[in-house]
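J.: quick one: sequence and predicted model below, then my questions.
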Amino acid sequence: MKICVTGSFGGGDIGDDAMVFPHLSNLACLGVSREDVWLIGFQPDYMARHFSHPHRLCLSCDAHVAKEVLDSTDLLLVTGGGTINTRAQDGWSLRRMYRLVMAFVKHGTPVFMSGQTIGPLGVEPDHDALAKELVESVDILTVRDMLYSRKYLEKIGAQPKQLAETVDDATLISPDDRPLPIELPEGKRAAINVTVYTFDTPEKVEAIKTLCHRLACMGYNVLLVPHHPWDHEAMMSLRVPNTQLIDTTSWLGITTKRLFAECDLVIAGRYHAVVFAMTAGVPCVGMAGNHYSWIKQHGFADQLGVGDRIVPPDKVTDVDNILELAMRSMKSSVSYVIPEPSSFHLFRKWFKEKTCSS
């Protein structure tokens, strides 16, 4: 049985990469050897290193799927992410996913699409048509929220063959049990994470600087924690006194989650920084810099009963509001109830059915 795994991974995004590991473990439990798994992602060299995977089986998603791969693949697994949307006018991420998945669909390969956030859609008719065809072509679609994905599927009139509403594929990854590769400062610690969405205007940049300064004045050791090389580049430009920039570009998601677990507060711009912090039981505020970011972050936090901890796009420069939410989060005795992702159970069942029928 030869499996091809694709998704949004392999480009240095700690969160997108983190969703791959539990799927690889799930495949191993089903008796699938790494020698029988193609990985199609952004950077083959990075994937081989990051996932400890045979380099010859790591392929670039920038290229069309080779006939050798199509002919030898029995099942396609798409790992979680937020690609089925109009987040940019060119719809690049949607078009990439459509091209990759539909190549297998047209070849007759069964497809399991896991842990997606659907939307925003309803803006560009051609994007909606691509999204509808894509989600109606796969055997099983699981989405990682119970609010927005359903809304946008209904908006474009899409009817998946089988739909399951669950949580993010990386929800239950455990923090690394090894010591951190850095030494953390003693005392109170607040971790700050930004993205291109929370750092794309002078007003947003100034708000982040002010937030760091205010937290430092409150006695926190402020840790700047990137989730992507883009974040690291942005944070290098902050130059805020009394902050420590941590180079996470070679880290695993479990390591970042371990770092968050050692903090008293996390204020995050990236979706998976919110996921890691909240599932580690750390007080967390999410900053949704645009609507795309909002539906991901709020959709996840709402499942945990803390949707009010996500700052909407029109409030991300309101430092007083962010700090008020942060203090409220720290004082709250609410413990997050983390649902178990059903994607892996459904995949195991689907895999066994397809194996028996082949």
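T.: Sure, I can see it.
J.: please tell me how far the nearest residue to residue 148 once chain neighbours are set aside sits from residue 256.
T.: Spatially, and ignoring its direct neighbours in sequence, residue 148 is nearest to residue 295 (4.0 Å; CB to CB, 6 or more residues apart in numbering). Where C-beta positions appear, they are placed from N, C-alpha and C, glycine not excepted. Distance, residue 295 to residue 256, using CB to CB, to the nearest Å: 23 Å.
J.: who's more crowded, the two?
T.: Relative neighbour count places residue 256 above the other of residue 295 and residue 256, with 28 against 25, counting by other CB atoms under 10 Å.
J.: alpha carbons of the particular helix or strand that has the more buried one in it, as CSV, please.
T.: For residue 256, the host element (DSSP states H and E) is helix 253-261. Taking C-alpha atoms only, helix 253-261 is exported to CSV below (Å, rounded to 0.1, in the frame of the first residue of the first chain):
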residue,chain,number,x,y,z
GLY,A,253,6.0,22.1,17.1
ILE,A,254,6.4,20.1,20.2
THR,A,255,9.4,22.2,21.2
THR,A,256,7.4,25.5,20.8
LYS,A,257,4.6,24.0,22.7
ARG,A,258,7.0,23.2,25.5
LEU,A,259,8.3,26.8,25.5
PHE,A,260,4.7,28.1,25.8
ALA,A,261,4.0,25.7,28.6
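J.: strand partners (parallel or antiparallel) of whichever helix or strand comes after that helix?
T.: Sequence-wise, the next helix or strand downstream of helix 253-261 (DSSP H and E) is strand 265-268. Under the criterion DSSP bridges, strand 265-268 sits next to strand 189-193 (parallel), strand 284-287 (parallel) in its sheet.
J.: what's the most buried one of those?
T.: strand 284-287 (a mean of 30; mean count of other CB atoms under 10 Å).
J.: these two touch, right, the residue nearest to residue 148 and residue 145?
T.: Yes: taking CB atoms under 8 Å as the definition, residue 295 is a contact partner of residue 145 at 7.4 Å.
J.: which residues do the two both contact?
T.: residue 117 (CB atoms under 8 Å, 6 or more residues apart in numbering).
J.: ok, residue 93 touching residue 100?
T.: No: between residue 93 and residue 100 there is no contact under CB under 8 Å: 11.0 Å.
J.: looking at the strands paired with strand 265-268, which is nearest to residue 159?
T.: Across these, residue 159 has its closest neighbour in strand 284-287 (31.1 Å, CB to CB).
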